[in-house]
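Peer 1: sequence and computational prediction follow.
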Protein chains: 2
Amino acid sequence: MVHLVEKQRRTQEERSAETRGRLVDATLDLLVERGYALATTADIARRAGVTRGALNHHFSGKDDLIAQSVCHQLRGWIEEIREVARQVQGGSLSLSAFVDRMWELFSGRLFLVTLEHITAARHNPYLREQLVPVTRQFHSALDETWRDFFDGTGLREPEVEAAFNATLCLMRGMSLQTILREDPAYYARLLGFWKSVLANHSAQGTGASLPMTSERPDKDDSK
Amino acid sequence: MVHLVEKQRRTQEERSAETRGRLVDATLDLLVERGYALATTADIARRAGVTRGALNHHFSGKDDLIAQSVCHQLRGWIEEIREVARQVQGGSLSLSAFVDRMWELFSGRLFLVTLEHITAARHNPYLREQLVPVTRQFHSALDETWRDFFDGTGLREPEVEAAFNATLCLMRGMSLQTILREDPAYYARLLGFWKSVLANHSAQGTGASLPMTSERPDKDDSK
DNA sequence: GGCAAGAAACATGCATACTTGTCTGTCTGT
DNA sequence: ACAGACAGACAAGTATGCATGTTTCTTGCC
């Protein structure tokens, strides 16, 4: 049992884990900040506070580093989304709040990492091979979440999945737009529109009441 | 049109226009095939059938070439979409067919060029500066199209724009997914879902009837 | 329990491979 | 003959992988 004060005398596994972790964090940061091509291994190593030698010791190359980092991040998000699912099941998250939460998630780092790794993987067989399975897992986790959300509302399964996936696609598309079009009001309108669509659609499907908002579905249309 | 036999005796302007055109075409091709970073100027010149010297003579550099090419392509699409708008106004395009047409547009080359140039422009001030205005134009043209589509149906303006933009965002998000997730049935379901949403929503808004699928037999609705 | 040998974790420099932009030279129209 | 269109060569910059040192931990043995 080693005290934290002692910087030396760490076990090799600890050292490895830390450098590897620093490397992964730095990779994700620079992937978001500069994109795949401009995120150079030298910069990554520098930001991680290690040398390129260490990087090349722990990872077989840049692509390996990128792939593992993205995988790590995606797995983390899967957990996060599962947590949201639990909240939803517990009834502490309304439909409106859920949409907002998802937008919060998809409009930030999550989307940028997604954008970069998808764009990179499009021309990089190795990255594609590594990332496709994790992507599949990610989507499965999302499907599960959405299914849980509507569980007990009596909605038909395919409809539910379609609605959910459409929501995510919408947000991906919105996020993509934010890069060259800065207009918060515009995105707020889209979000409001989408909430009303979801409310309409789900209500129309079965007549079941969903925990939308108490009164009017378009309360944040004002922004 | 000049006879193909006479390769010589072209006016300088003709020569310039052709090389420039070949360069632009090759640029867009390679942008789609290999992405921004991997689309090297040497490859572009080779595909265009000219030398890098010619490339550098007509364009100040790679970014200039990319920017102008993307601008050119975007302007072309604006025209194409305006044409679709005219068809819509003429009543020869149903809502369902319109959605399909848009998906057809956004799931192919249009989206890939968009993806690449947005991803590149995110870290490239010059590209961003050049492309933001054209992007704005592009979106304006789309807004106009959508407005024309619903013109006369009595729907409220903001709702119309929101619905339209949501449609495009949805398709962008779907296209982004297609890169790492190949599943035509899945996308078909999403499209179907979206059509029903649009029909529901617009009908609910005013009670006005839109040319969805009921009146005329839509050939591509079955898929 | 300590100590050497070895292995793993790092650090550093080098060499290669591209890519881009420029510069000079040539050819074709005007 | 003059200018613009094009061709080819050159130089600079940079990123990556490798290969060689150096430090830190682990382990087996006395």
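Peer 2: Received, thanks.
Peer 1: ok, how many other residues are close to the residue of chain A found nearest DNA strand C?
Peer 2: At 2.2 Å from DNA strand C, residue A:53 is the closest residue in chain A, using CB to the nearest atom of the strand. For every residue, glycine as well, the C-beta is placed using N, CA and C. Residue A:53: 9 surrounding residues under other CB atoms under 10 Å in any protein chain shown.
Peer 1: which secondary structure elements does the helix or strand containing it contact?
Peer 2: Assigned by DSSP states H and E, residue A:53 belongs to helix A:52-58. Secondary-structure packing of helix A:52-58 (3 or more CB pairs under 8 Å, 6 or more residues apart in numbering or on different chains; DSSP states H and E): helix A:12-38, helix A:41-48.
Peer 1: just put these in TSV and tack on distance to DNA strand C.
Peer 2: Shown next, in TSV, are the helices and strands packed on helix A:52-58 (distance: least, CB to the nearest atom of the strand, whole Å):
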stretch	distance to DNA strand C
helix A:12-38	4
helix A:41-48	8
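Peer 1: Throw those into a markdown table and include mean neighbour count, thanks.
Peer 2: Putting these into a markdown table (neighbours: other CB atoms under 10 Å in any protein chain shown) gives the following:
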| stretch | mean neighbour count |
| --- | --- |
| helix A:12-38 | 17 |
| helix A:41-48 | 18 |
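Peer 1: quick one, which of these gets closest to chain B.
Peer 2: For these, proximity to chain B was assessed by CB to the nearest CB; helix A:12-38 is nearest, at 4.0 Å.
Peer 1: what angle sits between that closest one and helix A:41-48?
Peer 2: Taking axes from the mean of the first three to the mean of the last three CA atoms, to 10 degrees, one finds helix A:12-38 and helix A:41-48 inclined to each other by 130 degrees.
Peer 1: output the contacting helices and strands for helix A:12-38.
Peer 2: Against helix A:12-38 (3+ CB pairs under 8 Å, 6+ apart) you get helix A:41-48, helix A:52-58, helix A:62-90, helix A:109-121, helix B:12-38.
Peer 1: quick check: angle from the first one to helix A:62-90?
Peer 2: Our comparison of helix A:41-48 with helix A:62-90, counting by the same axes, to 10 degrees, yields an angle of 50 degrees.
Peer 1: how about helix A:41-48, does it reach chain B?
Peer 2: No: on the criterion CB under 8 Å from any CB of the partner chain, helix A:41-48 is out of touch with chain B, staying 12.8 Å away.
Peer 1: state the mean pLDDT of that helix.
Peer 2: Helix A:41-48 shows a mean pLDDT of 97.
Peer 1: any regions of chain A where pLDDT drops low?
Peer 2: Counting by pLDDT under 70, chain A contains low-confidence ranges at A:1-9, A:149-156, A:202-223.
Peer 1: burial count for residue A:89?
Peer 2: Residues near residue A:89, counting by other CB under 10 Å: 14.
Peer 1: for residue A:84, grab the count of nearby residues.
Peer 2: For residue A:84, using other CB under 10 Å, the count is 19.
Peer 1: for the helices and strands packed on helix A:52-58, which one sits closest to residue B:75?
Peer 2: For the helices and strands packed on helix A:52-58, proximity to residue B:75 was assessed by CB to CB; helix A:12-38 is nearest, at 26.1 Å.
Peer 1: could you give the angle of that closest one to helix A:109-121?
Peer 2: Inter-element angle recorded for helix A:12-38 and helix A:109-121: 70 degrees (by the same axes, to 10 degrees).
Peer 1: do helix A:12-38 and DNA strand D come into contact?
Peer 2: Yes: using CB under 7 Å from any atom of the strand, we find that helix A:12-38 touches DNA strand D at A:12-13, A:15.
Peer 1: kindly report the residues of chain A close to DNA strand C.
Peer 2: A:12-13, A:15-16, A:18-20, A:50-54, A:56-58.
Peer 1: most widely separated two among those residues?
Peer 2: Going by CB to CB, the pair spanning the residues of chain A next to DNA strand C furthest: A:13 and A:52, at 22.2 Å.
Peer 1: endpoint to endpoint, stretch A:174-192 covers what distance?
Peer 2: 13 Å (CA to CA, to the nearest Å).
Peer 1: picking that back up, now tabulate the helices and strands packed on helix A:12-38 in TSV and tack on distance to residue A:158.
Peer 2: Output for those, formatted as TSV (distance: least, CB to CB, whole Å):
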stretch	distance to residue A:158
helix A:41-48	43
helix A:52-58	44
helix A:62-90	19
helix A:109-121	25
helix B:12-38	33
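Peer 1: what is the neighbour count of residue A:200?
Peer 2: So residue A:200, with other CB under 10 Å, has 16 neighbours.
Peer 1: what residues does chain A have near DNA strand D?
Peer 2: A:8-13, A:15, A:40-42, A:52-53, A:56, A:61-63.
Peer 1: show me which pair in the residues you listed is furthest apart.
Peer 2: Maximum distance among those (CB to CB): 34.5 Å, for A:9 and A:63.
Peer 1: those two: which has the busier surroundings?
Peer 2: Comparing residue A:9 with residue A:63 by other CB under 10 Å, the one with more neighbours is residue A:63, at 17 against 8.
Peer 1: quick check: the gap between residue A:50 and residue A:70.
Peer 2: Look at residue A:50 and residue A:70: by CB to CB, to the nearest Å, they are 20 Å apart.
Peer 1: cool, residue A:193 as well?
Peer 2: Applying CB to CB to residue A:193 and residue A:70 gives a distance of 32 Å.
Peer 1: what's the offset of stretch A:130-148 from the middle of its chain?
Peer 2: 11 Å (CA atoms, centre = their mean, to the nearest Å).
Peer 1: same check on stretch A:61-81?
Peer 2: For stretch A:61-81, the distance to the chain centre is 10 Å (CA atoms, centre = their mean).
Peer 1: alpha carbons only: can I get it in CSV?
Peer 2: Presented in CSV, the C-alpha positions along stretch A:61-81 are these (Å, rounded to 0.1, in the frame of the first residue of the first chain):
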residue,chain,number,x,y,z
GLY,A,61,0.8,4.2,-33.7
LYS,A,62,-1.4,7.2,-34.1
ASP,A,63,-4.4,5.4,-35.5
ASP,A,64,-4.3,2.9,-32.6
LEU,A,65,-4.2,5.8,-30.1
ILE,A,66,-7.1,7.5,-31.8
ALA,A,67,-9.2,4.4,-32.0
GLN,A,68,-8.6,3.4,-28.4
SER,A,69,-9.3,6.9,-27.2
VAL,A,70,-12.5,7.2,-29.1
CYS,A,71,-13.6,3.8,-28.0
HIS,A,72,-12.9,4.8,-24.4
GLN,A,73,-15.0,7.9,-24.8
LEU,A,74,-17.8,6.2,-26.5
ARG,A,75,-18.0,3.6,-23.7
GLY,A,76,-18.1,6.3,-21.2
TRP,A,77,-21.0,7.9,-23.0
ILE,A,78,-22.8,4.7,-23.1
GLU,A,79,-22.7,4.5,-19.3
GLU,A,80,-23.8,8.1,-19.1
ILE,A,81,-26.8,7.5,-21.3
